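Enquirer: structure for this input, please:
(one chain, ligands or ions: 3)
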Amino acid sequence: MTNYADDSLALHTDLYQINMTKAYWDDDFHNRKAVFEVFFRKLPFGNGYAVFAGLERIIEYVKKFHFSESDIEYLRELGYEEAFLEYLAELRFTGTIRSMQEGEVAFGNVPLVRVEAPLAQAQLLETAILNIVNYQTLIATKANRIKQVVQDEVVMEFGTRRAHELDAAIWGTRAAYIGGFDATSNVRAGKLFGMPVSGTHAHAMVQAYRDEYQAFHKYAESHKDCVFLVDTYDTLKSGVPTAIKVAKELGDKINFKGIRLDSGDMAYQSKIARKMLDDAGFTDTKIIASNDLDEYTILNLKAQGAQIDVWGVGTKLITAYDQPALGAVYKLVSIENESGEMEDTIKISSNAEKVSTPGMKRVYRIVNTVNHKSEGEYIALEHEHPESQERLKMFHPVHTYISKFVTNFEARELHVEVFKDGELVYDTPPLSEMRSFVNENLELLWDEYKRSMNPEEYPVDLSEECWNNKMDLIHRVKAEVKEKQSGNW
Ligand SMILES: Nc1ncnc2c1ncn2[C@@H]1O[C@H](COP(=O)(O)OP(=O)(O)OP(=O)(O)O)[C@@H](O)[C@H]1O
Ligand SMILES: O=P(O)(O)OC[C@H]1O[C@H](OP(=O)(O)OP(=O)(O)O)[C@H](O)[C@@H]1O
Ligand SMILES: O=C(O)c1cccnc1
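Expert: Numbers count the residues shown, from 1 in each chain. Ligands and ions are numbered 1, 2, ... in the order given. Here you go, the predicted model:
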């Protein structure tokens, strides 16, 4: 690998974005105002909601967005012409970005982020924004599923060694913390994000001393707070009795916090180990479990009455093991025409759910002011004011006969302004606030939407004007295609 002192993330994009930008630039089309929206269609893991994460990294990326000298040099090697390279070298983000805040609950077909910028800029940002949102939202959602099962017990993130490389470990563990995890084993994440760090010790230490007694003793001599990993040789015959022996010998010199189980039948072992610890007088000690855990094994272990107080989860969280991609997309919804007016755009598909929703939109959560529960999300065109309506019609955008009228409601806008004409206007809140924000948002949802298995589908509705706009555009595009087919074009 070649190291560049001025490496930037501007080239962290697909070649086709640069090629499209070149074509726009050649045609003097690159500065037309364009609006793109980021959304996913289907919720991951069969969950009833997702937890949005990734904004902090998007902000860093957009703030620093520029092609460095070595980026330009590389593009020169690829054969792009000088005048275009000069244009790229000067390029900075000058647009406006509205986004959900991290920790917001999100649903299919709801815009998560909206980018409004000169076409070339908005196009060049696509790949990195999707890269960030797709991963971080997926991990925050998986983490929240696990936390829903763990509830008030502690769950630690142990996945760095199994993550898809260094960046995924760092940003994944941050996303897990937003989703509800309590601590990380990744020390750099602790330093960078102020997250609590925590950990025990590995089998290597027992193997290195060859014997558990020696290893636990040495560990305890240098760490007052200690948790002993008890499964290297034989959990119940050797590991737990040795941990108890060392703890008794060292007495007040240490804080014997507990033991960690990492293999075998953890329901059975935890029950016996709990009794052994209690009988020895260590009733405050905790039993920590790790080994390929996820929400399903944790739920199952709890159902078996496992005496586990703290859960360590790595691989299955950080790799989003059961669903490796969220599938979020970035779609053009509106573009400036030759006369300087905005014209809405659509992507048609034979699958009704895949037809994009045109127009610059705003996203609201309609909260019933009587029971304080959400009636659903309401997507309206930019100029609409649902909050000023007495009676709001909400209907399913695909099965339009499913509709309801809401009267006592508050329309909470879900996006905040992050960049305004290129200036950052948003202060990223502390991670602790993002974690509480998830819970505040979940409070608004009926339990039927929150269960981890076969949840009810949460309503994501379009305003009548937004829906009519979509239908008009579908008819217009279809008529144009037909006209072209019949040779009148
Ligand atoms: N009582 C239990 N009920 C359901 N699942 C359990 C129970 N105890 C452990 N598990 C899970 O079963 C799986 C056991 O995996 P596996 O058989 O590979 O582990 P092991 O052989 O005990 O340990 P090692 O990691 O050393 O191979 C793990 O995912 C673990 O979390
Ligand atoms: O199973 P996960 O959910 O990914 O949790 C992390 C795993 O990483 C460690 O094992 P590893 O075999 O890497 O090392 P060890 O010898 O320290 O157990 C730890 O003991 C856990 O089993
Ligand atoms: O601290 C631990 O126990 C730990 C850390 C990383 C991976 N597995 C376990």
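
Enquirer: what average pLDDT does stretch 259-267 get?
Expert: The average pLDDT within stretch 259-267 is 98.

Enquirer: quick check: phi and psi on Pro429?
Expert: phi -70, psi 160 (degrees, to the nearest 10).

Enquirer: surely it is in contact with Glu104?
Expert: No: judged on CB atoms under 8 Å, Pro429 makes no contact with Glu104 at a distance of 11.9 Å. Placement of C-beta: from N, CA and C, glycine included.

Enquirer: which neighbours do those two have in common?
Expert: Both Pro429 and Glu104 are contacted by Phe437, under the criterion CB atoms under 8 Å, 6 or more residues apart in numbering.

Enquirer: who's more crowded, these two?
Expert: Neighbours per residue (other CB atoms under 10 Å) separate Pro429 from Glu104, with Glu104 holding more: 26 against 14.

Enquirer: distance check, that one against Gly54.
Expert: Per CB to CB, to the nearest Å, Glu104 is found 11 Å from Gly54.

Enquirer: also Arg274?
Expert: Noted for Arg274: a distance of 40 Å to Gly54, by CB to CB.

Enquirer: also Ile170?
Expert: Distance, Ile170 to Gly54, using CB to CB: 13 Å.

Enquirer: neighbour count winner among the two?
Expert: Each of Ile170 and Gly54 has its neighbours counted (other CB under 10 Å); Gly54 has more, 31 against 19.

Enquirer: contacts only, for the nearest residue to the more buried one once chain neighbours are set aside.
Expert: Distances taken as CB to CB, 6 or more residues apart in numbering place Gln136 nearest to Gly54, at 3.7 Å, with adjacent residues excluded. Gln136 is in contact with 53-54, 57, 171-172, 174-175, counting by CB under 8 Å, 6+ apart.

Enquirer: the same query, at a cut-off of 6 Å, please.
Expert: Contact partners of Gln136, counting by CB atoms under 6 Å, 6 or more residues apart in numbering, are 53-54, 171, 175.

Enquirer: out of those, which is nearest to Asn337?
Expert: Gly54 (32.1 Å; CB to CB).

Enquirer: and this protein, which residues reach ligand 3?
Expert: 158, 185, 199-200, 260, 290, 312, 314 (CB under 6 Å from any ligand atom).

Enquirer: keep only those of the residues you listed that are in strands.
Expert: Residues from the residues of the chain next to ligand 3 lying in strands, with DSSP state E as the criterion: 260, 290, 312.

Enquirer: next, the contact list for the second one, please.
Expert: For Ser290, the contacting residues are 262, 312, taking CB under 6 Å, 6+ apart as the criterion.

Enquirer: roughly how far does Asn144 sit from ligand 3?
Expert: Here the distance between Asn144 and ligand 3 works out to 21 Å (CB to the nearest ligand atom, to the nearest Å).

Enquirer: and the one helix or strand that residue maps to with ligand 1, contact?
Expert: For Asn144, the host element (DSSP states H and E) is helix 119-150. No: Helix 119-150 does not reach ligand 1 (CB under 6 Å from any ligand atom); its nearest approach is 12.8 Å.

Enquirer: pull the distance from that helix to the chain's centre.
Expert: A distance of 4 Å separates the centroid of the chain from that of helix 119-150, by CA atoms, centre = their mean, to the nearest Å.

Enquirer: give me the mean pLDDT for it.
Expert: Average pLDDT, helix 119-150: 98.

Enquirer: can you show me the helices along the stretch 1-150 of the chain?
Expert: Counting by DSSP state H, counting those that start in this stretch, the stretch 1-150 of the chain has helices at residues 15-26, 55-63, 69-77, 82-90, 119-150.

Enquirer: okay, those, which one's buried deepest?
Expert: helix 119-150 (a mean of 24; mean count of other CB atoms under 10 Å).

Enquirer: angle of that one against helix 82-90?
Expert: Using axes from the mean of the first three to the mean of the last three CA atoms, to 10 degrees, the direction of helix 119-150 lies 40 degrees away from that of helix 82-90.

Enquirer: so which bits of the stretch 251-400 of the chain are right by ligand 1?
Expert: Residues of the stretch 251-400 of the chain lying near ligand 1 (CB under 6 Å from any ligand atom): 263-267, 291-293, 297, 300-301, 304.

Enquirer: kindly reformat those as TSV containing neighbour count.
Expert: Below are these laid out as TSV (neighbours: other CB atoms under 10 Å):
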residue	neighbour count
Ser263	13
Gly264	13
Asp265	13
Met266	24
Ala267	17
Asn291	17
Asp292	12
Leu293	24
Thr297	18
Asn300	12
Leu301	20
Gln304	13
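
Enquirer: which of those lies closest to ligand 3?
Expert: Asn291 (9.2 Å; CB to the nearest ligand atom).

Enquirer: the closest one: what's it in contact with?
Expert: Applying CB under 6 Å, 6+ apart to Asn291 gives the contacts 262-263.

Enquirer: ok, now with 8 Å
Expert: 261-263, 266.

Enquirer: which one of the residues in the stretch 351-489 of the chain is closest to ligand 3?
Expert: Nearest residue of the stretch 351-489 of the chain to ligand 3 (CB to the nearest ligand atom) works out as Leu431 at 20.3 Å.
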